[in-house]
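[1] The sequence isn't on hand, but the structure is:
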């Protein structure tokens, strides 16, 4: 199986074809990639089906993308804003 190469805040991670960005981040051991505005609480993959907004990430310069709904692509640049 061919792996896809992505970056998260410049750090390389890999994904499998067809895998969501949220699943790829979780597989890479990243369980939180943003924090809440008010209390700074960590957030990552929660519902996994696009109902909540806990897994928001910037994908190729487009902010506020739900990681659970975005399919990973080779060369994708992910940013948390916590660089």
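    Thanks, I have the structure now. Remember, predicted model here, so these are calculated numbers, not experimental data.

[2] only C-alpha atoms for contact and neighbour calcs from this point on.
    Fine.

[3] Report the mean per-residue pLDDT for stretch 57-71.
    The average pLDDT for stretch 57-71 rounds to 97.

[4] Pull out the buried positions in that stretch.
    57, 58, 59, 65, 66, 67, 68, 69, 70, 71 (16 or more other CA atoms under 10 Å).

[5] Now do the contacts for the first one.
    With contacts taken as CA atoms under 8 Å, 6 or more residues apart in numbering, residue 57 has the following neighbours: 33, 34, 63, 64, 65, 66, 67, 78, 79, 80.

[6] 10 Å instead?
    Applying CA atoms under 10 Å, 6 or more residues apart in numbering to residue 57 gives the contacts 8, 21-22, 33-34, 44, 63-68, 70, 78-81.

[7] Repeat that for residue 81.
    9, 33, 34, 35, 57, 58, 63.

[8] Over to residue 67?
    So residue 67 contacts 20-25, 44-45, 48-50, 53-59, 78 (CA under 10 Å, 6+ apart).

[9] can you tell me which of those residues are in helices?
    Here DSSP state H is the test, and these give 21, 22, 23, 24, 25 as lying in helices.

[10] any idea how far residue 54 is from the first one?
    Using CA to CA, to the nearest Å, we find residue 21 at a distance of 13 Å from residue 54.

[11] about what we covered before: reformat the ones in helices among the contacts of residue 67 into TSV and put distance to residue 15 and pLDDT next to each item.
    Rendered in TSV, the data for these read as follows (distance: CA to CA, whole Å; pLDDT from 0 to 100):
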residue	distance to residue 15	pLDDT
21	8	98
22	10	97
23	8	97
24	5	97
25	8	97
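
[12] Out of the residues you listed, which is nearest to residue 4?
    Relative to residue 4, the closest of those is residue 24; by CA to CA it sits at 9.8 Å.
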